[in-house]
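> no sequence on this one, just coordinates:
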């Protein structure tokens, strides 16, 4: 016999599954991987997993805000690479220059993206695609088309930012965690966060209600560029060099983890926690592929794509 309490419990479970489909998939993936691959659950592997995920999480945090406003930012991959090169070049002048230079330059490019999109109503796809090409071209110009790789001295204080540890876990993990917590609080507990949702949910209605939609878009694109530059600086500190070939396709990874985490591409809905879960899921998938060890590198992207498609389908089923 069905009672009101039973119905309420079932409805609650359904609501949780609808909102946390990616979390359910992540838990299942981790559980199966832990059982099948003994090394997966080792502390060293989990540290590496968290460290590699931290760089993408920083980029995806900015992308979350952008997509919730109904936009897209294709420039983050190139800004990520540019930020790394600028940080490596600036390290010769000290810690502050190495950290501030990529933040300022990449933030400025993000600001220009936001101004063009918000003030001229140009399509975010076109504007950020142009910024992608500009940033990649600037990167190649600085490095003489990739011929020069700027090295960071091992005794530089800046290296500690990427390679320093607390209880064995790298600084970038804690930096990404703090930024995601702050991002979640800003998104859910401030008027700016409400404006972000309003801009993506119903832009014209938001404008009529007095929401500063243009200002909000400018700020989120500036944030996205700055965070991409920060991720590049952290990566450069970890690698002790400004690697020119990184960042190719990173914008697609960032968009994927944001969407997998439940943020709608049409805007108006999303969470930072969902994005973090999406990062965890895609990194676990990649780690499992590496654990198998028999897959050719050319097929790893194929397998990753199939896994991601399955996750998205599961999410749609759970939402129904």
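On my side now, so go ahead. The structure presented is a predicted model; accordingly, all values stated were derived computationally and were not measured.
> contacts, neighbours, all on C-alpha from now
Noted.
> tell me, what residue is most central in this structure?
Geometric centre of the chain, nearest residue: residue 60, 1.5 Å, by Cα atoms, centre = their mean.
> For it, which non-adjacent residue is closest in space?
Among residues not flanking residue 60 along the chain, residue 254 sits closest, at 4.8 Å (Cα to Cα, 6 or more residues apart in numbering).
> Mind checking what secondary structure that neighbour has?
Using DSSP: H, G, I helix; E, B strand; the rest coil, the structure places residue 254 in helix.
> Let me see the contact set for it.
Residues in contact with residue 254 (Cα atoms under 8 Å, 6 or more residues apart in numbering) are 56-57, 59-60, 63.
> what's the answer for residue 218, then?
111, 113-115, 117-118.
> Quick check: mean pLDDT of the helix or strand that residue 128 is a member of?
Here residue 128 is covered by helix 124-142, with elements defined by DSSP states H and E. The pLDDT scores in helix 124-142 average 94.
> cool, stretch 173-191 as well?
95.
> Return the set of buried residues in it.
Neighbour counts using 16 or more other Cα atoms under 10 Å place 173-174, 176-177, 180, 183-184, 187 of stretch 173-191 among the buried residues.
> again, but for stretch 86-100
Those would be 86-92, 95, 97-100, for stretch 86-100 by 16+ other Cα under 10 Å.
> Distance from the chain centre to that stretch, please.
Computed by Cα atoms, centre = their mean, to the nearest Å, the separation of stretch 86-100 from the middle of its chain amounts to 23 Å.
> for stretch 123-135, same thing?
Taking mean C-alpha positions (Cα atoms, centre = their mean), stretch 123-135 and its chain are 18 Å apart.
> Equivalent analysis for stretch 159-170, please.
20 Å.
> Please tell me how far residue 102 sits from residue 110.
The gap separating residue 102 from residue 110 is 12 Å, by Cα to Cα, to the nearest Å.
> what sits in contact with each of those two?
Shared contacts of residue 102 and residue 110, defined by Cα under 8 Å, 6+ apart, comprise residue 226.
> Among the two, which residue is more densely surrounded?
A direct count of neighbours by other Cα atoms under 10 Å for residue 102 and residue 110 places residue 102 higher, at 32 against 29.
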